[in-house]
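Colleague: can you look at this prediction? I've put the sequence above it.
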Amino acid sequence: MLKLVALAICGSLLNSIPAKAAGEEPVDVELVIAVDVSWSMDYGELDIQRDGYVAAFRSAELQQAITDGMHGRVAVTYVEWAGDTSQQVVLPWTLIDGKEAAEAFAYRLSEARPDRMRRTSISSAIDFAAGLFDRNGFEGMRRVIDVSGDGPNNQGRPVTDARDAAVARGITINGLPLMTQGEDLRGGWGSIRDLDRYYTDCVIGGPGSFMIPVNDWAQFPQAVRRKLVLELAGLWPIRARQDRIVPAAMEGAPANCLIGEAQWQERWQR
């Protein structure tokens, strides 16, 4: 019964996506993995991020989630981003239809060395990722941008404008806020305490959107695997709701979606 409901939801999502060119490969999901590589993270943390995604695609759980879909295949591209002009496609669109393809994707990702870049423009990352769906050779029942980051937007246009533009195109944005600096926010001036609230109010959007906060780097591999399984499984977004990770209404005032820009301006006025 759940699978029938899921297929009905997927059908309604597909109807909201603009028509694509004939001959494109049908897949269950087109997924852009957009990973923050700004200077607020050191190379050790970047390695943890990369290794977490590599391990996820090597996991039997994720491989099973992919093959259990209606088509049994997904299309994935991996992007690293920082400031408003700093976006790099690390792995181009790749068809993953089982264990062999998932292992090959993981191997190629493990061979690519992450690099740090300046500033944090979530809005530019979303805009860049949204453009990658155009004429990519695939026709997905769902189109998803998976954004991870450790701070608020501080460059480029307002993040809510980019989010709303992507959602209007039928794209869902999910989030992985990295709240790894601890209570004293050792990450510096660009950190905010309630990054999960910021992602809920300002970053994620679209049908079934959700976020999973990471409070310690030790949690990262499990969080990434869980998030990707949900995004690539045939029962998402139903599973996400059952697992209670679709953000509920939070108490208190909503997040200031321009807090990062305000921090940057205050820094340069000192």
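Modeller: Everything's here; your move.
Colleague: now the helices for the stretch 101-250 of the chain?
Modeller: Counting by DSSP state H, counting those that start in this stretch, the stretch 101-250 of the chain has helices at residues 122-131, 159-168, 195-198, 220-232, 238-242.
Colleague: now the ones you listed in a markdown table, with mean pLDDT?
Modeller: Shown next, in a markdown table, are the helices of the stretch 101-250 of the chain (pLDDT from 0 to 100):
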| stretch | mean pLDDT |
| --- | --- |
| helix 122-131 | 98 |
| helix 159-168 | 98 |
| helix 195-198 | 93 |
| helix 220-232 | 91 |
| helix 238-242 | 54 |
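Colleague: can the ones you listed go into a markdown table with extra columns for mean neighbour count and distance to residue 141?
Modeller: For glycine as for every other residue, the C-beta is placed from the backbone atoms N, C-alpha and C. Compiled in a markdown table, the helices of the stretch 101-250 of the chain are given as follows (neighbours: other CB atoms under 10 Å; distance: least, CB to CB, whole Å):
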| stretch | mean neighbour count | distance to residue 141 |
| --- | --- | --- |
| helix 122-131 | 24 | 17 |
| helix 159-168 | 19 | 17 |
| helix 195-198 | 23 | 28 |
| helix 220-232 | 21 | 11 |
| helix 238-242 | 16 | 14 |
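Colleague: doesn't residue 201 make contact with residue 254?
Modeller: Yes: counting by CB atoms under 8 Å, residue 254 touches residue 201, with 4.9 Å between them.
Colleague: helix or strand for residue 260, which one?
Modeller: For residue 260, the host element (DSSP states H and E) is helix 259-269.
Colleague: what separates the lengthiest helix in the chain from the chain centre, distance-wise?
Modeller: Counting residues, the longest helix found in the chain (DSSP state H) is helix 43-58. With CA atoms, centre = their mean, to the nearest Å as the basis, helix 43-58 stands 14 Å off its chain's centre.
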